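Novice: coords please:
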Amino acid sequence: MKKAMILAALCAAVLAGCGEKYESSGGYASGKSAETPETVARKFLEAMATADLDAARKYMCADTAKDFDASMEEEKKKRGEVEFTKRLEKAKKKTKEKSKGVKIEKKDVKIDGDKATATFTASKEGDKRKDDEIKLNLVKEDGEWKVDMSAEKKKSSAYAAGSQGRKLYQGILSANMSLQRNGNKTIWPKTKSSTSGGSSKIWDKGYRNSRDYFADLFDVKNAGAPEKQKKEIMEDVNVIFGCGVPAPADAGRLGPENIMWCIAGNLQDSYPGVLPVIVSANVDVSRLLARYDGEADDIVPIGRAAGIDSGLEFNDDYAVFIRKNGATEVVPAKKLTLKRIYQGQAFDISNVSGNREPFCYLTPKGKVECSGPKTCFTPKGKVESNGPNAPEAVAQKFLETAMTGDIDAAKKYMSKETVMMLDGFEEMAKKQDEKKYKEEKEQQKKKAKEKSKGVKIEKKDVKVDGDKATVTFKLSKEGEKAEEEKIELVKEDGEWKVALKK
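Specialist: Got it, this is the predicted structure:
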């Protein structure tokens, strides 16, 4: 996962957006304040290009500097002092040579409070390739602008996870081919054994989570056996952790916290190739479907937006999955829509016949069976297909509470601005006649509670656009005309909140 660590550490900023065409800033403009984002970015690029690591580190934010130090120490430990120094000097020499004759020009600088983005173009005389673009993110720490490489780190980590997931997929595929030559068996996990009383064989054992499946897949029960075998097991099993998810002390102690993947269960050969079969553990797999119409384009929440802390370095930013056809996808959170996941291909694998178990996903901690676009089944029972912090879940909780007239209870689902607005109205009413206000408040609460009886709430549509969302519900009551209710939400501190308009 961390190959070419020295070169990555030396040239991360340049190589991130520019291939191998250049590694130099060619100097920085004089006359600029040392505190402007542009100047800091230029100085950082120049230091990286000339392999002056100490100088480059001065322009890094605290988190980036910490990661930089850790990567260098890890490489030193891995290679040994002598080999590390040798490789480092070779990388420095190569970087300096490539940087000669490179010209960097400012393209754009955007400042938003304590954050900024500086974009440059780089060209080299005689090089006919299109000018490359370098984009650096900066943050202000203690009044000074510093380069922040955390976004690039998350992206790199997500792609590293994709490589690991691909290796896992190929390993399972290879094992399946070997088994099928001897009797048509598959080691994709099942949730129910075909053998009365259960089976200990991986191709016929019933699994309730991905941890147990991977433990059998990599034979971790034998991890305490001869040292050579233990080493081989650990080398195989490392495709299921990393990228922020900690490795176990030894393979024999594999726990849910050491698993970075959810895996498809009860998979059939007839199922469509677009189906994700290995999915990063930060994805709310209850939103993945067994039936898709080819049109729905809802955002599938990941990370904290779905109430998930997977430990992955890209927990809130990227989703990684490997399709049944072997294609590997790394998708930014804002682009993770149903249409993107299923490539607009309609399918229905929700109908189960005979003794077959329904299609599902095994997470490190449990099982999620996907029956269609609206419902799924968890170990605790039937639920709407969204995480507890997804916009539709928050909107429905708010609506259910507000309909009973309990505005104070509903406030916990509201944005800070909305709460302030309602509190302001409340204070004005109290000043006019506090006793009358309290009496009317209780009367309205009783009326609302009575009116809400028998009302059925159905989710109709969810639209997510970055940190804003709109959820549309259908409200119906026997003997009355159905109504439509739209709830608007905003994301505050990683959580969805209802935003009422004045």
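Novice: can you tell me how far Lys481 is from Lys459?
Specialist: Computed as C-beta to C-beta, to the nearest Å, the Lys481 to Lys459 distance reads 19 Å. (Each C-beta comes from the backbone N, C-alpha and C, glycine too.)
Novice: the two: which is more packed in?
Specialist: Shown here are Lys481 and Lys459; by other C-beta atoms under 10 Å, Lys459 has more neighbours (17 against 7).
Novice: so that one sits in a helix?
Specialist: No. Membership of Lys459 in a helix is not supported by DSSP: H, G, I helix; E, B strand; the rest coil, which gives strand.
Novice: and for it, nearest residue in space, chain neighbours not counted?
Specialist: With sequence-adjacent residues excluded and distances taken as C-beta to C-beta, 6 or more residues apart in numbering, Lys459 is closest to Glu392, at 5.5 Å.
Novice: next: Ala402.
Specialist: In space, and not counting its chain neighbours, Ala402 is closest to Ala410: 4.4 Å by C-beta to C-beta, 6+ apart.
Novice: would you mind listing the buried residues in the host helix or strand of that neighbour?
Specialist: Assigned by DSSP states H and E, Ala410 belongs to helix 407-410. For helix 407-410, burial by neighbour count (16 or more other C-beta atoms under 10 Å) applies to Ile407, Ala410.
Novice: by contact count, what packs against it?
Specialist: When contacts are defined as 3 or more C-beta pairs under 8 Å, 6 or more residues apart in numbering; DSSP states H and E, helix 407-410 sits against helix 391-403.
Novice: the helix it packs on packs against which elements?
Specialist: strand 381-384, helix 407-410, strand 456-465, strand 468-476, strand 483-492, strand 495-498.
Novice: so which of those gets nearest Gly265?
Specialist: Between Gly265 and the helices and strands packed on helix 391-403, the tightest spacing by C-beta to C-beta is seen for strand 381-384, at 17.8 Å.
Novice: give me the neighbour count for the closest residue to Ala429 other than its chain neighbours.
Specialist: Leaving aside its sequence neighbours, Ala429 sits nearest to Tyr437 (C-beta to C-beta, 6+ apart; 4.4 Å). By other C-beta under 10 Å, 16 other residues sit near Tyr437.
Novice: where does Tyr437 land in three-state SS?
Specialist: Using three-state DSSP as the criterion, the local structure at Tyr437 reads helix.
Novice: list the contacts for it?
Specialist: By C-beta atoms under 8 Å, 6 or more residues apart in numbering, Tyr437 lies in contact with Glu426, Ala429, Lys430.
Novice: would you turn those residues into a markdown table with distance to Asp297?
Specialist: Shown next, in a markdown table, are these (distance: C-beta to C-beta, whole Å):
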| residue | distance to Asp297 |
| --- | --- |
| Glu426 | 39 |
| Ala429 | 43 |
| Lys430 | 46 |
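Novice: any figure for the gap between Ser286 and Lys367?
Specialist: Taking C-beta to C-beta, one finds Ser286 at 11 Å from Lys367.
Novice: any chance you could map the strands in the stretch 301-450 of the chain?
Specialist: 318-323, 328-332, 347-348, 360-362, 367-370, 375-378, 381-384 (DSSP state E, counting those that start in this stretch).
Novice: rewinding a little: got a pLDDT number for the residue nearest to Lys459?
Specialist: In this model, Glu392 is scored at 85, pLDDT.
Novice: quick check: it touching Lys463?
Specialist: No. Counting by C-beta atoms under 8 Å, Glu392 stays clear of Lys463, with 10.3 Å between them.
Novice: higher neighbour count, those two?
Specialist: Taking neighbours as other C-beta under 10 Å, Glu392 and Lys463 compare with Glu392 leading, 25 against 15.
Novice: Tyr318 pairs with what?
Specialist: Counting by DSSP bridges, Tyr318 is bridged to Pro332.
Novice: for Thr50, which non-adjacent residue is closest in space?
Specialist: Lys96 (6.1 Å).
Novice: skip ahead from the one helix or strand the one you found maps to and say which helix or strand is next.
Specialist: Counting by DSSP H and E, the element that carries Lys96 is helix 81-99. The C-terminal neighbour of helix 81-99 among helices and strands, as given by DSSP H and E, is strand 102-112.
Novice: which secondary structure elements does that following strand contact?
Specialist: So strand 102-112, by 3+ C-beta pairs under 8 Å, 6+ apart, packs with helix 37-49, strand 115-124.
Novice: coming back round to it: now the helix holding Lys96 - C-alpha only, PDB.
Specialist: Output of helix 81-99 as PDB, limited to C-alpha atoms (Å, rounded to 0.1, in the frame of the first residue of the first chain):
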ATOM      1  CA  GLU A  81      19.200   3.200   8.100                       C
ATOM      2  CA  VAL A  82      21.700   2.500   5.400                       C
ATOM      3  CA  GLU A  83      19.300   1.500   2.700                       C
ATOM      4  CA  PHE A  84      16.900   4.300   3.600                       C
ATOM      5  CA  THR A  85      19.600   6.900   3.300                       C
ATOM      6  CA  LYS A  86      20.800   5.500   0.000                       C
ATOM      7  CA  ARG A  87      17.300   5.500  -1.500                       C
ATOM      8  CA  LEU A  88      16.600   9.000  -0.100                       C
ATOM      9  CA  GLU A  89      19.700  10.400  -1.800                       C
ATOM     10  CA  LYS A  90      18.800   8.700  -5.100                       C
ATOM     11  CA  ALA A  91      15.300  10.200  -4.900                       C
ATOM     12  CA  LYS A  92      16.600  13.700  -4.200                       C
ATOM     13  CA  LYS A  93      19.000  13.500  -7.100                       C
ATOM     14  CA  LYS A  94      16.300  12.400  -9.500                       C
ATOM     15  CA  THR A  95      13.900  15.100  -8.300                       C
ATOM     16  CA  LYS A  96      16.500  17.900  -8.800                       C
ATOM     17  CA  GLU A  97      17.300  16.700 -12.300                       C
ATOM     18  CA  LYS A  98      13.700  16.600 -13.400                       C
ATOM     19  CA  SER A  99      13.000  20.100 -11.900                       C
END
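Novice: what comes up buried for it?
Specialist: In helix 81-99, counting by 16+ other C-beta under 10 Å, buried: Phe84, Arg87, Leu88, Ala91, Lys92, Lys94, Thr95, Lys98, Ser99.
Novice: next, the nearest residue to the first one once chain neighbours are set aside: secondary structure please.
Specialist: What that stands for is Phe84. Setting aside the residues directly before and after it, Phe84 is nearest to Lys76 in space (C-beta to C-beta, 6+ apart), at 4.4 Å. Three-state call for Lys76 (three-state DSSP): helix.
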